[in-house]
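**Q** predicted model, plus sequence, below.
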Amino acid sequence: MDITPTSGNAYQAWLVDNATGNDLALGELVDNALATTLQPTDSSPYKLIVVTEEPLNDPDPARNSSAIVAGAALGS
């Protein structure tokens, strides 16, 4: 992505299960790369990948409902 988050925010990548609304935070996008060590054991329920803008050090574990970009997850 050639856009940057607003000051005090970061882009966060999520896997989303459209059937249940459940999501799984994958990590932050740093310098256009995903910075994460999370490796889901079963990603099959997640059919969508979403990037949101979230406050840095956000104490709320839920994702922002406004997506910056979204698309089909690999293998879905």
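**A** Alright, I've got the coordinates. Residues are numbered from 1 along each chain as shown.

**Q** tell me the confidence at Trp14?
**A** Trp14 carries a pLDDT score of 91 in this model.

**Q** now it: which helix or strand?
**A** strand 9-16 (DSSP states H and E).

**Q** show me what the helix or strand bottoming out on mean pLDDT in the chain is packed against.
**A** Ranked by mean pLDDT, DSSP states H and E, the weakest helix or strand in the chain is strand 33-35, scoring a mean of 80. Strand 33-35 sits against strand 23-30, with contacts defined as 3 or more Cβ pairs under 8 Å, 6 or more residues apart in numbering; DSSP states H and E. To be clear about C-beta, it is placed using only N, CA and C from the backbone, and glycine gets the same treatment.

**Q** show residues contacting the strand it packs on.
**A** 1, 10-17, 34-38, 40, 43, 46, 49-51, 61, 63 (Cβ atoms under 8 Å, 6 or more residues apart in numbering).

**Q** which among those count as buried?
**A** 10-17, 43, 46, 49-51, 63 (16 or more other Cβ atoms under 10 Å).

**Q** how many neighbours does Ala62 have?
**A** By other Cβ atoms under 10 Å, the residues close to Ala62 number 11.

**Q** from Tyr11, how far out is Asp17?
**A** Distance from Asp17 to Tyr11, counting by Cβ to Cβ, to the nearest Å: 21 Å.

**Q** swap in Ala72?
**A** Distance from Ala72 to Tyr11, by Cβ to Cβ: 19 Å.

**Q** try Ala62
**A** For Ala62 relative to Tyr11 (Cβ to Cβ), the value is 16 Å.
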